[in-house]
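>>> everything below, folded, please.
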Amino acid sequence: MNMQIKLGDKLVDLPLEFSYWQWNRMKAAGDDLSPLSMISICSGLDKKEIKKADLSHIEMVSEYLATIYFSAKPTNDIFVTFFHKDVEYGLQKDFSKLKYGAWVDLEVYSSQDVDKNIPKILSLMYYPIKEWKGKKYILEEYSDELVEHTASEFEDIPMRIWWGFSSFFLLFAGRYIENIRSSLTTKTRMEKMYQRGKKILPKFLQKRLPHVFTFGDSKF
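Residues are numbered from 1 along each chain as shown. From the prediction side, this is the model:
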């Protein structure tokens with residue numbers, strides 16, 4: 001059942017999930033998380049309109065939003081597939097199949113304001129599923145037009161998709177480094193491979209990895 005806020009004679013539905021556009025509105029609000037501001041952030045309604053609601057209703061709705069949207073911890077679940085606006089999207093899990101243009105754009109968007117580019121980054125890794133073959137899916141082919149359209153569709157993507165995607169990239173980085181640790185014995189080669197591995201990751205993830213490779217009690 002949707003949470004609704006009553007404004008005069010009309011009932012307005014509130015979104016069921018915390019989305020990217022709400023995330024942006026929350027950042028713009030800064031430290032102002034008053035009930036009035038919170039409801040405006042989550043609903044997109046003007047504060048003047050919200051002031052028409054009864055006090056009891058404002059308190060009930062703001063308490064609900066604080067519990068559902070702001071108290072819940074970000075998920076680490078990786079969403080390999082999901083539906084958004086009646087379209088099923090799948091994650092391109094095989095990095096070797098990413099087109100050159102996607103890699104270039106990932107580098108650009110992840111080196112700038114990551115929060116601002118979340119829809120664009122996701123559109124480079126998630127593509128509409130063209131068909132299923134058993135338990136495997138086939139994705140639509142990369143193109144500038146497809147990525148641009150998907151990015152516009154993702155302007156209201158649930159933030160849980162982004163949080164899960166970020167976890168996926170960090171998991172990949174961890175496994176890549178662990179493979180280096182177990183397969184190479186020379187410290188110099190390990191450091192070179194580690195630095196090479198970092199370079200293929202987007203900028204926002206490179207910053208979260210150690211500057212040097214640590215092996216046991218020694219550090220390069």
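>>> got the domain boundaries for the protein?
Using automatic domain parsing, the domain ranges for the chain come out as 4-70, 81-161, 170-219.
>>> export those to a markdown table and tack on mean neighbour count and mean pLDDT?
In this view, the C-beta of every residue, glycine as well, is placed from N, C-alpha and C. Shown next, in a markdown table, are the domains of the chain (neighbours: other C-beta atoms under 10 Å; pLDDT from 0 to 100):
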| stretch | mean neighbour count | mean pLDDT |
| --- | --- | --- |
| domain 4-70 | 15 | 76 |
| domain 81-161 | 15 | 90 |
| domain 170-219 | 14 | 52 |
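>>> distance-wise, check Lys10 relative to Glu49.
Taking C-beta to C-beta, to the nearest Å as the measure, Lys10 falls 10 Å from Glu49.
>>> equivalent analysis for Val80, please.
On the measure of C-beta to C-beta, Val80 and Glu49 end up 39 Å apart.
>>> for Met60, same thing?
As for Met60, its distance to Glu49 is 17 Å (criterion: C-beta to C-beta).
>>> quick check, Leu7 in contact with Glu49.
Yes: at 5.6 Å, Leu7 and Glu49 qualify as touching, with contact defined as C-beta atoms under 8 Å.
>>> the lengthiest strand in the chain packs against which elements?
Looking across the chain with DSSP state E, the single longest strand is strand 126-133. Other helices and strands packing on strand 126-133, by 3 or more C-beta pairs under 8 Å, 6 or more residues apart in numbering; DSSP states H and E, are strand 87-91, strand 136-139, helix 144-153.
>>> between the ones you listed, which one is nearest to Leu14?
Across the helices and strands packed on strand 126-133, the minimum distance to Leu14, taken as C-beta to C-beta, is reached by helix 144-153, at 21.0 Å.
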